[in-house]
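Participant: Please work out how this folds:
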Amino acid sequence: MSILLLGANGQVGWELQRALAPLGAVIALGRQGANGLCGDLADLQGLRRTVSEVRPRVIVNAAAYTAVDRAEAEPEQARAINATAPGVLAEAARAQGALLVHYSTDYIFAGDGEVAWREDDPAAPLNVYGRTKWEGEQAIRHAAGDHLILRTQWVYAARGKNFLHTMLRLASERERLEVVDDQFGAPTGAELIADASVHAIRGVLNDADLAGTYHLAAGGVTTWHGYARFLIQAAREAGWSIRVPDEAIVPVGSEAFSTPARRPHNSRLALDRIETGFGLRMPDWREGVTRTIKELTPK
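Facilitator: The predicted structure follows:
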């Protein structure tokens, strides 16, 4: 079985290269492509040609326009990558009889209230990024082929740029940190996303009735402030040179940081559908953060 992976050099894509390998031969493409194959989601004809040449059984799209604030000034670029390209991939996948796996986001929801969002709750995105990701979901469903849409959130990994690395750097440089404490969600490791994705892919290949939309995130809930305090303490215990005292990691409201794109306050995602459908238990977010800190070299 051949598997076409797009976005292979991103946080999730990097882990997927490892996790997908036991399922079959993985053709892993970054934006630059390889061996004449196209990995650039802005090149629609190249994507169609690549799917036709590879003839994969599974297409995994881990590529996206993820610059949330920049998207406010570049809506057409964000839409091309997050909405138009997934629709093209869905049509190409259907023509080949392939399963399309695509990643979406908690940002499709309005972010109000305190209850975890379920897969069938109405979308009401607050920013361009969220709207284009929602449009991508709709394009995939409109193509009417077999698909898995996996919504995730607050992604981090041992490699790449993310909140975890930013906080570790700032904690080693500063004596005081202000971190948002009114946005709620679950930090979710790229490794967890990749491993759970493969489990779900295997399930859908065995039973097409399991195809559809699922929330895929770590268990539990915290705020960015709670996340920062936990990971900084874990780093301190792991031997990192941490300058900021615990009491100087200060909680603040979202209004303390002016950003072009509005962020949802409530990003809680209900996980019972993916856990029941595929026999999974999504581990508490602290487990993945602790393991990632231990994997990194103390600085």
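Participant: Could you list the residues in contact with stretch 256-267?
Facilitator: Residues outside stretch 256-267 that contact it (CB atoms under 8 Å, 6 or more residues apart in numbering): 68-73, 106-107, 109-115, 117, 126-130, 153-154, 178, 180, 182-186, 254. C-beta here means a position set from N, CA and C on the backbone, and glycine is covered the same way.
Participant: Among those, which ones are in helices?
Facilitator: 128-130 (DSSP state H).
Participant: starting at the chain centroid, how far to stretch 213-228?
Facilitator: The chain centre lies 12 Å from the centre of stretch 213-228; the measure is CA atoms, centre = their mean, to the nearest Å.
Participant: where does this protein have low pLDDT?
Facilitator: For the chain, no stretch has pLDDT under 70.
Participant: got the residue ranges for the strands in it?
Facilitator: With strands called from DSSP state E, the chain shows them at 2-6, 25-29, 58-61, 99-105, 147-152, 155-156, 177-180, 184-185, 188-189, 212-215, 222-223, 249-252.
Participant: any chance of those in a markdown table, with distance to residue 13 and mean neighbour count too?
Facilitator: As requested, the strands of the chain are exported to a markdown table (distance: least, CB to CB, whole Å; neighbours: other CB atoms under 10 Å):
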| stretch | distance to residue 13 | mean neighbour count |
| --- | --- | --- |
| strand 2-6 | 6 | 24 |
| strand 25-29 | 7 | 20 |
| strand 58-61 | 8 | 26 |
| strand 99-105 | 10 | 25 |
| strand 147-152 | 13 | 23 |
| strand 155-156 | 11 | 24 |
| strand 177-180 | 27 | 19 |
| strand 184-185 | 22 | 22 |
| strand 188-189 | 14 | 26 |
| strand 212-215 | 19 | 20 |
| strand 222-223 | 26 | 20 |
| strand 249-252 | 32 | 16 |
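Participant: Make TSV from the ones you listed and add distance to residue 266 to it.
Facilitator: Compiled in TSV, the strands of the chain are given as follows (distance: least, CB to CB, whole Å):
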stretch	distance to residue 266
strand 2-6	30
strand 25-29	35
strand 58-61	27
strand 99-105	14
strand 147-152	14
strand 155-156	18
strand 177-180	13
strand 184-185	6
strand 188-189	16
strand 212-215	13
strand 222-223	11
strand 249-252	17
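Participant: Between the ones you listed, which one is closest to residue 136.
Facilitator: Within the strands of the chain, the stretch nearest residue 136 is strand 99-105; the backing value is 6.9 Å (CB to CB).
Participant: Enumerate every residue touching residue 137.
Facilitator: 86, 102, 104, 108, 149, 213.
Participant: what do you get if the cut-off is 10 Å, keeping everything else the same?
Facilitator: By CB atoms under 10 Å, 6 or more residues apart in numbering, the contact set of residue 137 is 82-83, 86-87, 102, 104-105, 108, 123, 147, 149, 151, 213.
Participant: what's the answer for residue 84, then?
Facilitator: Applying CB under 10 Å, 6+ apart to residue 84 gives the contacts 41-42, 44, 76, 132, 135-136, 139.
Participant: Would you list the buried entries among the residues you listed?
Facilitator: 41, 44, 132, 135-136, 139 (16 or more other CB atoms under 10 Å).
Participant: of all these, which comes closest to residue 245?
Facilitator: residue 132 (40.8 Å).
Participant: Which residues belonging to stretch 267-286 are considered buried?
Facilitator: 267-269, 271, 273-275, 277-278, 280, 282, 285-286.
Participant: Can you tell me how far residue 231 is from residue 167?
Facilitator: Distance, residue 231 to residue 167, using CB to CB, to the nearest Å: 6 Å.
Participant: okay, and the common contacts of these two?
Facilitator: residue 156.
Participant: nearest to residue 226, of the contacts of residue 137?
Facilitator: Nearest to residue 226 among the contacts of residue 137, counting by CB to CB, is residue 105 at 20.5 Å.
Participant: gap between the closest one and residue 123?
Facilitator: Residue 105 sits at a distance of 11 Å from residue 123 (criterion: CB to CB).
Participant: go on, residue 207?
Facilitator: Residue 207 is 27 Å from residue 123, by CB to CB.
Participant: Between these two, which is the more surrounded one?
Facilitator: residue 123 (17 against 10; other CB atoms under 10 Å).
Participant: Might you report the residue contacts of that one?
Facilitator: Contacts of residue 123 by CB under 10 Å, 6+ apart are 104, 107-110, 117, 130-131, 133-135, 137-138.
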